[in-house]
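Participant: what's the 3D shape of this:
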Amino acid sequence: MISTTEVEAVVKTDEVIEDYPEDVRGHSCLMLGFGRDDRAVHVVCAPKDEYLAIITAYLPNPDQWTSDFRERL
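Facilitator: You can find the predicted model right below:
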């Protein structure tokens, strides 16, 4: 389970690791931050004029990401 507090912490880090300007649903991005016990958390979000839409949050699979969780393998 990923808490609301963890999602907020990720968004506040402002570390965008992937940008999707051509997403068919509109511009979105993947952000990285660290939650409880210093675990990596990824948040996909879409900036809107009046708010930031949170699309999903997940714990990245270590087998699919570099050790710092910033690049896909």
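Participant: switch to C-alpha atoms for all contacts and neighbour counts from now on
Facilitator: Noted.
Participant: pLDDT of the helix or strand containing residue 17, averaged?
Facilitator: Per DSSP states H and E, residue 17 falls inside strand 16-20. Per-region confidence: strand 16-20 scores 97 on mean pLDDT.
Participant: in terms of secondary structure, what does the helix or strand following it contact?
Facilitator: From strand 16-20 onward toward the C-terminus, using DSSP H and E, the following helix or strand is strand 28-34. Counting contacts by 3 or more CA pairs under 8 Å, 6 or more residues apart in numbering; DSSP states H and E, strand 28-34 packs against helix 4-13, strand 16-20, strand 40-47.
Participant: the inter-axis angle of the strand holding residue 17 versus strand 28-34?
Facilitator: Strand 16-20 runs at 170 degrees relative to strand 28-34, counting by axes from the mean of the first three to the mean of the last three CA atoms, to 10 degrees.
Participant: which outside residues touch strand 16-20?
Facilitator: For strand 16-20, contacts defined as CA atoms under 8 Å, 6 or more residues apart in numbering pick out 27, 28, 29, 30, 31, 32, 70, 71.
Participant: from the helices and strands packed on strand 28-34, which stretch is densest packed?
Facilitator: Among the helices and strands packed on strand 28-34, strand 40-47 has the highest mean neighbour count (mean count of other CA atoms under 10 Å), at a mean of 20.
Participant: done for today, thanks.
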